[in-house]
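Undergrad: what follows is a predicted protein model with its sequence.
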Amino acid sequence: MYSCSEVLAELSNYLDDEVTAEIRRELEQHVSHCRTCQVIYDSTRKTLRIVTESQSFELPEDVSMRVTKSIMNKVRGATRQDPPNSPTS
């Protein structure tokens, strides 16, 4: 089964429907068992839907930087917490 870092590396391609059937199956299997990746997937999918449905808008640079930093810290923290050979790695 894929690790959290492998899921994160393929998430964009998955959401764009640009992965093979095998990769799709592996990602879906991992996400079905990993709460952290479920939250990241759901949040990313919802964010994309909001942005694409609400037309284009621009965030102030300081807000954008804070949001990006917060997301990256959470992603890094989630992947560091995966113990080797755990069900979520």
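TA: Now that the structure is in, tell me what you want to look at. Residues are numbered from 1 along each chain as shown.
Undergrad: pLDDT at the most far-flung residue of the chain relative to its centre, what is it?
TA: Farthest-out residue of the chain from its mean C-alpha position, per CA atoms, centre = their mean: residue 60, at 23.4 Å. Per-residue confidence at residue 60 stands at 84 (pLDDT).
Undergrad: thought residue 9 was touching residue 19, still the case?
TA: No. In this structure residue 19 lies outside contact range of residue 9 using CB atoms under 8 Å: 11.0 Å. Every C-beta, even on glycine, is put in place using the N, C-alpha and C of the backbone.
Undergrad: and these two? Which one has more around it.
TA: In terms of neighbours (other CB atoms under 10 Å), residue 19 is the more surrounded of residue 19 and residue 9; the figures are 17 against 11.
Undergrad: the lowest-mean-pLDDT helix or strand in the chain packs against which elements?
TA: Lowest on mean pLDDT, DSSP states H and E among the helices and strands of the chain sits helix 61-80, with a mean of 80. The contact analysis (3 or more CB pairs under 8 Å, 6 or more residues apart in numbering; DSSP states H and E) places helix 61-80 against helix 4-15, helix 35-53.
Undergrad: what angle sits between the longest one and helix 4-15?
TA: Angle of helix 35-53 versus helix 4-15, following axes from the mean of the first three to the mean of the last three CA atoms, to 10 degrees, is 30 degrees.
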